Structures are given as C-alpha cells and as structure tokens.
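Q: below is the sequence, then the predicted model.
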Amino acid sequence: MHLHTEWVDESLRPLLENVDKKRQHLRYFSLEEQTTLINIGAKLLFEAGAAPVNAFRAGSFAFNKDTLNALAVNGIKFDSSYNASMFGRDSGVLPGMLALDPFFCDGVYEYPMTVFHDGSGSLRHAQISACSYQELEGLLWSALEAGNKAFVFLLHNFELMNQKKDRPDWVAIRRFERLCTFLDNNRDCFSVKGFHGLTPQITVGPHKPLTSPRWKALSRAVEQLYRKFYQ
C-alpha cells in the first residue's frame, strides 16, 4: 500500500476529524491519525479486490517512527519507507544511524530503499527514471559482492512516459527492459520477490552505501538531457 496524505482534506467522506487544510506528508499526522488512515487504506484496497495488505510505503518516503507503530497495529508486517537520501535519517527510526539494510523495528520489518554514492557528494536512490541501466547493473553486482541481503528499486508506472505524459519515454522503457532481461539471465545470483511470502533476512552490522563510478553518472546526465528535450 502506498499512501499520499495531501488529499485527505478533499475526501468526499471525512477520513479524520478537524482536517481542513493540506498536510502533505504522513509524518505530519499523529500516531492515532496515521493508524486510522492506514486502516482505511487497507480496507479500501480489500474492498476493491486486493489481497490483504502486508507491505507499505509512505508517499514521498515521508514517514516517521509513529508510522511503524501504526503499521504494527494494523497487522502490516513490512515497510519500505526508509530512504537515506530523503526523510529517512530524520524519521526518528534508528536515530544517529544510517539504515541501509533490512532491520526489525517496533514490530515491523523495514526494507530501506537502496541508495548509493554517485560522485556528486550526496546519496541517490535506485530508481529507473533517476539512474542509468549501467549504474543499476553495476550496483547489483556490487551489492551481491558485499553480501547484501536485499536490493530495493523504486519504479512508478508513469516513469515510462515522457514529462507531458502523452507518449512513451523510450529511454526509460529500454532501461526497464534491459534490467528485466539482466535479472532473468542471472537468476542464479538474484531472486526477484514481492513481500507476500517473503522470509525476512536481517543483516547484522553496519554497511557502507554502495558506490558507482563517476563516469556512469556523467553518462546518465547525457541520457537525462536527451530524455528532457527530445522525448
């Protein structure tokens, strides 16, 4: 389940009391309010025919420690809201630490977004529209060599369209197709799974973020410029 709260005030059926203005992020709501919103979201999905929800990600990764407690109350076992390149480090989850690998906290298994150093001085998360195929392939091999137990990608369906959303973005589509082919050809090394039926594998001990060569970042920058002006 993926929950964006900026539309709570626009619901035709009131979801919470005294919500009369925008609160963009889930972290701006109290524990009780988050528990209610997550419960409503899970019920709506179930009524629409979905399987019972067992995994969650907060919209824009904007969660906090209360979110994990709210998920546990609702019986949701997995979360993937922790993103060290965005709100993760000030979420109140594992304060003073940089979470990169799966961990257990407040009754929930947290699977952080995979992030890496790309030579720019800041962290970037592994996303189809934000990384080149060469970066993603290299990062997967590096994660395997480092003994990482999980590699978490980000992908929205609209990323496969151009910025105007009026035709396909063939650069992004080719990245996705190449990534799928790579994972298919290397099933002996990588197992692609969702959260249903997943047996958690917690990594013990601190790990450093993955690193990708700067030349791959420069190559991606050229690709991104092409996507922006010619797609």
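A: Cool, the structure landed.

Q: so residue 135 sits in a helix?
A: Yes. Assignment of residue 135 by DSSP: H, G, I helix; E, B strand; the rest coil places it within a helix.

Q: mind pulling up the pLDDT for it?
A: As summarised for this prediction, residue 135 has a pLDDT of 96.

Q: could you chop this structure up by domain?
A: 1-94, 114-231 (automatic domain parsing).

Q: go through those domains and name the closest to residue 100.
A: domain 114-231 (5.2 Å; CB to CB). C-beta: built from backbone N, CA, C; applies to glycine.

Q: need the domains of the chain in JSON lines (columns: mean neighbour count).
A: Formatted as JSON lines, the domains of the chain follow (neighbours: other CB atoms under 10 Å):
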{"stretch": "domain 1-94", "mean neighbour count": "17"}
{"stretch": "domain 114-231", "mean neighbour count": "15"}
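
Q: in which helix or strand does residue 191 reside?
A: Counting by DSSP states H and E, there is no helix or strand that carries residue 191.

Q: so what's it up against?
A: By CB atoms under 8 Å, 6 or more residues apart in numbering, the contact set of residue 191 is empty.

Q: how close does it sit to residue 90?
A: 32 Å (CB to CB, to the nearest Å).

Q: circling back: rank the domains of the chain by pLDDT, which is bottom?
A: domain 114-231 (a mean of 91).

Q: and that domain, how far from the chain's centre?
A: 11 Å (CA atoms, centre = their mean, to the nearest Å).

Q: out of the domains of the chain, which comes closest to residue 103?
A: domain 114-231 (6.0 Å).

Q: return the distance of residue 153 relative to residue 193.
A: Going from residue 153 to residue 193 by CB to CB gives 12 Å.

Q: kindly report the same for residue 128.
A: Distance from residue 128 to residue 193, by CB to CB: 18 Å.

Q: how about the strands of this protein, start to end?
A: With strands called from DSSP state E, the chain shows them at 2-3, 55-58, 78-79, 103-105, 108-110, 115-117, 123-125, 210-211.

Q: can you add distance to residue 184 and give those back as TSV?
A: Shown next, in TSV, are the strands of the chain (distance: least, CB to CB, whole Å):
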stretch	distance to residue 184
strand 2-3	26
strand 55-58	23
strand 78-79	24
strand 103-105	29
strand 108-110	27
strand 115-117	23
strand 123-125	23
strand 210-211	22
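
Q: what's the closest of those to residue 173?
A: Closest to residue 173 of these, according to CB to CB: strand 123-125, at 20.1 Å.

Q: and that closest one, which strands flank it?
A: Paired strands of strand 123-125, with direction, are strand 115-117 (antiparallel) (DSSP bridges).

Q: hang on, the earlier thing: export the domains of the chain as TSV, with columns for distance to residue 105.
A: Compiled in TSV, the domains of the chain are given as follows (distance: least, CB to CB, whole Å):
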stretch	distance to residue 105
domain 1-94	6
domain 114-231	10
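
Q: from residue 147, how far off is residue 58?
A: As judged by CB to CB, residue 58 and residue 147 stand 28 Å apart.

Q: no further questions, thank you.
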